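Peer 1: what would the 3D arrangement of this be:
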Amino acid sequence: MAILVFVVFGAWHLSCAVWIAGKAYAASFLINDAWQKTLRNKHVNKPWSWADTWPVAQITIQSIGLDEIVLAGDSGASLAFGPGLSYAGASLDEDGIKLISGHRDTHFSKLKNININDVIFVKTPLEYKQYKVKDIGIVDSRTHLIETDEISYDLVLATCYPFNSVSSGGSERFIVEAVEL
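Peer 2: Residues are numbered from 1 along each chain as shown. Below you'll find the predicted structure:
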């Protein structure tokens, strides 16, 4: 009996893992498809009808091999599928600091290899911009605020820190600040 319970329990866990991986693959495909439609028609295209986010840009950092579709908003629901453009900052097509955040163990895991002077490419449906990394730091989110009305930087990338932490929910953030070229 114990062996049967073990087999059934193991099969259930395996099926859950396959289901989650399948959903992640399908979501990635649908987000990329919505991004291609957005580039063509310059309108909001949700990846699925009930989605509370949509693609707004593509961010590429060639020096570290990062190439991701940026989604609207940085809620947990959005960040599960990709980096998100925070509503607390400027939109990508206007003046002001743009804030993009992502998870350290998925979409922004490659940020650990970024260096000063690396170039960040951001493509929106309306324009293509380049930014140069000017500062990299680690801050405590409990005491550090990103001032979105400062003019010293144009783009801020943020993710949790440290990159290799086994637990989530820490207060440290890895911050990359860049200026438009």
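Peer 1: how about the nearest residue to the residue nearest to the spatial centre of the chain, chain neighbours excluded?
Peer 2: Centroid-nearest residue in the chain: P83, 1.2 Å away (criterion: CA atoms, centre = their mean). Distances taken as CB to CB, 6 or more residues apart in numbering place G102 nearest to P83, at 3.4 Å, with adjacent residues excluded. To be clear about C-beta, it is placed using only N, CA and C from the backbone, and glycine gets the same treatment.
Peer 1: lowest-confidence helix or strand of the chain?
Peer 2: For the chain, the helix or strand with the lowest mean confidence is helix 2-41, at a mean of 72 (criterion: mean pLDDT, DSSP states H and E).
Peer 1: next secondary structure after that helix?
Peer 2: strand 55-61 (DSSP states H and E).
Peer 1: tell me what that next one is packed against?
Peer 2: helix 2-41, strand 66-72, strand 119-123 (3 or more CB pairs under 8 Å, 6 or more residues apart in numbering; DSSP states H and E).
Peer 1: for the shortest one, name the packing helices and strands.
Peer 2: The contact analysis (3+ CB pairs under 8 Å, 6+ apart) places strand 119-123 against strand 55-61, strand 128-140, strand 155-160.
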